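Peer 1: build the 3D model from these lines:
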Amino acid sequence: MKEFSRNNLTIVFYQKENDQKFSFLIKCKEELTEQLLATVKTKRVNEDKIKYAVNGIFDLIENNLLITKKMEKNPIIELAELVQKQFGANIATKVLGKTGADHMPTVSVEIELPDGRTFKASGTNKRIAKQIAAEKALAEF
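Peer 2: Now for the predicted structure:
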């Protein structure tokens, strides 16, 4: 069993008998564990991928990107629909850069609205960074 803690949350990776991969849960937070499992594609990881998974999980939690039971609309889609209604045009997104090791990158993106406003954000992958930037843009509408 391996435990990782940050901001009063503890992620536990555990291995079932005769299983080479590790499963995970958030200690003492069953509902948060369910939301996490509904959000991520990979439910079990090899031991050499645990540190990458930990960073991704904490990134999802800290940026409030877990799927809730009511299945909130993706902020990128919500922003695109709002911009289409207001401006009759699309948002533009671009990757500004990628830093860090391949197994633990930080990706920076920018979303530009038709009126010229830009919103930048970083995350452990492009999707998360775009969602954070979209949430920043939505906060200004």
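Peer 1: so what's the residue count around the nearest residue to residue 75 once chain neighbours are set aside?
Peer 2: Of all residues not flanking residue 75 in the chain, residue 134 sits nearest, at 4.0 Å (CB to CB, 6 or more residues apart in numbering). All C-beta atoms are positioned from the backbone trio N, CA, C, and that covers glycine. Residue 134: 24 surrounding residues under other CB atoms under 10 Å.
Peer 1: tell me how the protein divides into domains.
Peer 2: 2-62, 75-140 (automatic domain parsing).
Peer 1: buried sites along the helix or strand containing residue 35?
Peer 2: In this structure, residue 35 sits in helix 30-39 according to DSSP states H and E. Buried residues in helix 30-39, counting neighbours by 16 or more other CB atoms under 10 Å, are found at 33, 35-36.
Peer 1: on that earlier part again, in CSV: the domains of the chain, plus mean pLDDT.
Peer 2: Output for those, formatted as CSV (pLDDT from 0 to 100):
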stretch, mean pLDDT
domain 2-62, 91
domain 75-140, 93
